[in-house]
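Chemist: pasting the sequence and the predicted model now:
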Amino acid sequence: MRDLVAGMGYLAKGQKWVARHGRWWGFGMIPALITLVGYIVALVLLSTRADDLAAWATPFADGWGSPWQGLLRGALAAITFGGGLLIALITFTAVTLLVGQPFYESLCEKVDETEGGAPAKPEIPLWRELLISARDSLYVLVRVLAFGILLFACGFIPVVGQTVVPVLGFCVSGFFLVVELSAVALQRRGVPQAERIRLLRRRLPLALGFGVPLILLFLVPLLTVLAMPGAVAGATLLARDLVPVDAGQDGEEDPAADESGQHPGGAPDGNPYSGGPAFASACPENPYAEPPQVRNPYQGGVETNPYRSAP
């Protein structure tokens, strides 16, 4: 219950943050506005061409009499437009984040700075960031569609389909929305996508407390545009909870650490993802307790493992 309330709190804090920093609120709305305009144009074109598409897809009905030809093609046109609208709703956040990668990278960095301590910006070319974001978004979209098909099939179960399934649908959508929104902040911390999903799954009430209310807001396209900057800011604050920033990571020294950068007892600043040898030995199943030198999937070379300080 505490994590559920904390998730709602991060959503509110994100909106408050952009309200206090009005310039960043306007800056963060630009990608959502661009995406919204693009989708509106596409849906208008689809609505004007839906009848032609229905006629093209049903040549066998050319000789049908009234009203059967009109009913078939009218129903197919409505299904075509409805399908396009559904795809637009499902993909809007992912496309907005892809379009707004440079915008939201700057917004996340500013939130980290104002909240105290920010991870070093990864040295990745913009084209590679966009490629990684597109790949990660496609991976999430495939999972959402898989859950959607399963829940759609379960919707035909009496009683359960009308009560449990809609609730599960909002929970699944809210969870993956948080996965998408926190991707920018967690990627800046060097956390790969598979691990991002595991982190959020371990704190499922936290993710649902943030994502489910937001998915309800995002049902209204205009609110999506207005709330997107605060959602990214709130997701950054949530990411700081999942993967705390090491003191001194942004260049400042940690007064509690010794000359080697280790806290007394070998654990640096209490961050569970950067624990020293004592932490690794105490938790042999710790997935982050890898050798200090590993290949970073976001960069071409070999560098220090971001999850663990070298002994």
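Modeler: On my side now, so go ahead.

Chemist: quick check: which element contains A134?
Modeler: Per DSSP states H and E: A134 is located in helix 126-154.

Chemist: helices and strands around that helix, which ones?
Modeler: Contacts defined by 3 or more Cβ pairs under 8 Å, 6 or more residues apart in numbering; DSSP states H and E place helix 126-154 against helix 68-99, helix 101-115, helix 160-181, helix 183-188. C-beta here means a position set from N, CA and C on the backbone, and glycine is covered the same way.

Chemist: now with 7 Å?
Modeler: The contact analysis (3 or more Cβ pairs under 7 Å, 6 or more residues apart in numbering; DSSP states H and E) places helix 126-154 against helix 68-99, helix 101-115, helix 160-181.

Chemist: closest to the centroid, which residue in this protein?
Modeler: Nearest to the mean C-alpha position of the chain, by Cα atoms, centre = their mean, lies E180 at 1.1 Å.

Chemist: isn't it right up against L98?
Modeler: No: at 9.8 Å, E180 and L98 do not qualify as touching, with contact defined as Cβ atoms under 7 Å.

Chemist: which neighbours do the two share?
Modeler: S137 (Cβ atoms under 7 Å, 6 or more residues apart in numbering).

Chemist: any idea which of the helices and strands packed on helix 126-154 has the lowest pLDDT on average?
Modeler: Mean pLDDT is lowest for helix 68-99 among those, at a mean of 82.

Chemist: circling back: the residue nearest to the centre of the chain: what's it in contact with?
Modeler: T93, A94, L97, S137, V140.

Chemist: list the contacts of the third one.
Modeler: With contacts defined as Cβ under 7 Å, 6+ apart, L97 is in contact with Y104, S133, S137, E180, A183.

Chemist: same question for the second one.
Modeler: For A94, the set of contacting residues under the criterion of Cβ under 7 Å, 6+ apart consists of S137, V140, L141, E180.

Chemist: next one: the last one
Modeler: With contacts taken as Cβ under 7 Å, 6+ apart, V140 has the following neighbours: A94, F176, V179, E180.

Chemist: before we move on, what about the fourth one?
Modeler: Contact analysis of S137 by Cβ under 7 Å, 6+ apart lists A94, L97, L98, E180.

Chemist: sorry, back to before: so which of the contacts of V140 is the closest to E195?
Modeler: V179 (11.4 Å; Cβ to Cβ).

Chemist: brilliant, that's me finished.
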